[in-house]
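**Q** this is a predicted model, with the sequence first.
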Amino acid sequence: MADPVIIKICGIKTYDLLDAAIAAGADMVGFMHFQRSPRHVSIEELAGLISAARGQVQSCVVLVNPDNSCVAEVAALGPDWIQLHGPETPHRVEAIRAEAGVEIMKALPIGSAEDIAQVAGFVDIADRILLDAKPPKGADRPGGLGESFDWSLLKALDPAIAFMLSGGLTPDNVAEAITSVRPLGVDVSSGVETAPGVKDRKLIEAFIRNARAAG
Ligand SMILES: O=C(O)c1ccccc1NCC(=O)[C@H](O)[C@H](O)COP(=O)(O)O
């Protein structure tokens, strides 16, 4: 029997919604530390959220092209994962992984066949790969935009490469995503919100229920 799909609810800002994600059966939660995100949480807030998650659900701090001091500050809080969601090169991912001493998820933007070709360069360097929709030109952030990408592009990806899928997933399309793409896991932010940065307990529950039924 295949392993159950990993479910990550990203962009949690409050203890209430952290509890809701845990109660609904999430495997991972993501906390954004990026000023331009509507889901941004400060270092002080991160410290509390990571502690509250510990032992209940895997925590993942999402950073965009962080400098060494930011990596050190976040790593010291003891998250299970750091997600790199910017234009970090394989060399930089390797350096951050060594510096942080926690597992690294590398997010890669997918919008065309050329984007698929770059994935292989990160496979042996990151602990996990997350494929997300490439943001439109002029977007003010590289993720969390509620946009999906053409999943048929993934047919060109080496089938031995395991990855998590994100970008425009919702309670309504997550089952189809799982059955057609067969990802290692799924990651959602906008699709379980009523407005950017405002998560909804019922949408989180529906997303996890529908993902579990499919996966
Ligand atoms: O959520 C953000 O605001 C964000 C900002 C900058 C970089 C990454 C960001 N989100 C990272 C995630 O892991 C999201 O879950 C992923 O991009 C999917 O988002 P969505 O399409 O909104 O479900």
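**A** Arrived safely.

**Q** mind listing the strands for this protein?
**A** Along the chain, the segments classed as strands by DSSP state E run 6-10, 28-32, 58-63, 81-84, 103-110, 128-133, 164-166, 185-188, 193-195, 198-199.

**Q** ok, and does the last one reach over to the ligand?
**A** No - for strand 198-199, no contact with the ligand is found by Cβ under 6 Å from any ligand atom; the gap never falls below 11.0 Å. No exception for glycine: its C-beta is placed from N, CA and C like everyone else's.

**Q** ok, now the first one?
**A** Yes - contact check for strand 6-10 against the ligand, using Cβ under 6 Å from any ligand atom: residues in range are residue 10.

**Q** mind listing what's buried along stretch 161-181?
**A** Within stretch 161-181, the residues that qualify as buried by neighbour count (16 or more other Cβ atoms under 10 Å) are 163-171, 174-175, 177-178, 181.

**Q** from the ligand, how far out is the residue nearest to residue 88 when sequence neighbours are not counted?
**A** Taking Cβ to Cβ, 6 or more residues apart in numbering, and ignoring the residues beside it in sequence, residue 88 has residue 65 as its nearest neighbour in space, at 6.1 Å. Residue 65 sits 10 Å away from the ligand, going by Cβ to the nearest ligand atom, to the nearest Å.

**Q** with residue 58 instead?
**A** For residue 58, the distance to the ligand equals 14 Å [Cβ to the nearest ligand atom].

**Q** wouldn't that residue be in contact with residue 83 here?
**A** No - the pair formed by residue 58 and residue 83 falls short of the contact definition of Cβ atoms under 8 Å, at 11.3 Å.

**Q** between these two, which has more neighbouring residues?
**A** For residue 58 and residue 83, the more surrounded residue by other Cβ atoms under 10 Å is residue 83, and the numbers stand at 27 against 17.

**Q** quick revisit: turn the strands of the chain into TSV, including distance to residue 72 and mean pLDDT.
**A** Shown next, in TSV, are the strands of the chain (distance: least, Cβ to Cβ, whole Å; pLDDT from 0 to 100):
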stretch	distance to residue 72	mean pLDDT
strand 6-10	23	98
strand 28-32	17	98
strand 58-63	12	98
strand 81-84	11	98
strand 103-110	14	98
strand 128-133	21	98
strand 164-166	26	98
strand 185-188	25	98
strand 193-195	31	98
strand 198-199	29	98
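
**Q** OK, contacts around the closest residue to the ligand within the chain?
**A** Nearest to the ligand, among the residues of the chain, is residue 144, at 2.1 Å (Cβ to the nearest ligand atom). Under the criterion of Cβ atoms under 8 Å, 6 or more residues apart in numbering, the contact partners of residue 144 comprise 10, 11, 32, 37, 38, 39, 189, 190, 196.

**Q** how near is the residue nearest the centre of the chain to residue 104?
**A** With the centre of the chain defined as its mean C-alpha position, the nearest residue by Cα atoms, centre = their mean is residue 187, 5.2 Å away. Relative to residue 104, residue 187 is positioned 15 Å away (criterion: Cβ to Cβ, to the nearest Å).

**Q** cool, and residue 46?
**A** Between residue 46 and residue 104 the distance is 17 Å, computed by Cβ to Cβ.

**Q** same thing with residue 27?
**A** Relative to residue 104, and taking Cβ to Cβ, residue 27 is found at 17 Å.

**Q** all helices for the protein, in order.
**A** With DSSP state H as the definition, the chain shows helices at residue ranges 15-24, 43-53, 68-75, 90-100, 113-117, 120-123, 174-181, 201-214.
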